[in-house]
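Engineer: just coords:
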């Protein structure tokens, strides 16, 4: 569970989450976002119009990323990330296929870490 591979994967995933969470949360993104296709743009516009959804997701991503980086409550953080990573993949499958690569990276890294921490979840399935 604490192999060098697991540490690297955990740190990469934590860094990605903090980086992209801050990019959404800050008023001026520091990573330019590509113009999404029409359906994706409409969906994102409706989420932004709520005034809280995108900010809440960004804050949760940053929180999860920090927990992974400092190695606190890793199993809990990975469970919180699971529905977010699934939704990121589904968003790109159905609305913006051009960004599927990054979405798959997050989902795969999350899956690897869940697998590596599986002993923490066994009691959930008894």
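Structural biologist: Arrived safely. Owing to the predicted nature of the structure, the values given are computational and were not obtained by experimental measurement.

Engineer: Pull up the gap between residue 11 and residue 17, please.
Structural biologist: 11 Å (Cβ to Cβ, to the nearest Å). For every residue, glycine as well, the C-beta is placed using N, CA and C.

Engineer: mind checking the SS state of the nearest residue to residue 98 once chain neighbours are set aside?
Structural biologist: With Cβ to Cβ, 6 or more residues apart in numbering as the criterion, residue 98 has its nearest non-adjacent residue at 7.4 Å, and that residue is residue 34. What DSSP: H, G, I helix; E, B strand; the rest coil gives for residue 34 is coil.

Engineer: So what does residue 34 have for phi and psi?
Structural biologist: phi -70, psi 160 (degrees, to the nearest 10).

Engineer: Outside of stretch 94-106 itself, which residues are in contact with it?
Structural biologist: By Cβ atoms under 8 Å, 6 or more residues apart in numbering, the residues outside stretch 94-106 that reach it are 13, 16-17, 34, 36-37, 39-40, 43, 81, 85, 88-89, 91-93.

Engineer: can you rerun that using 7 Å?
Structural biologist: 13, 16, 36, 37, 39, 40, 43, 85, 88, 89, 92, 93 (Cβ atoms under 7 Å, 6 or more residues apart in numbering).

Engineer: which two from these end up farthest apart in space?
Structural biologist: 13 and 39 (28.0 Å; Cβ to Cβ).

Engineer: quick one: low-confidence ranges for this structure?
Structural biologist: Under the criterion pLDDT under 70, the flagged ranges of the chain are 1.

Engineer: quick one, helices of it?
Structural biologist: Assigned by DSSP state H, the chain shows helices spanning 4-25, 38-50, 53-70, 74-94, 100-116.

Engineer: and residue 123, which of these is closest to it?
Structural biologist: Using Cβ to Cβ, the nearest of these to residue 123 is helix 74-94, at 10.9 Å.

Engineer: quick one: contacts for residue 109?
Structural biologist: Taking Cβ under 7 Å, 6+ apart as the test, what residue 109 contacts is 9, 12, 13.

Engineer: just those residues now: which is nearest residue 60?
Structural biologist: The nearest one, if we look at those relative to residue 60 and count by Cβ to Cβ, is residue 13, at 14.1 Å.
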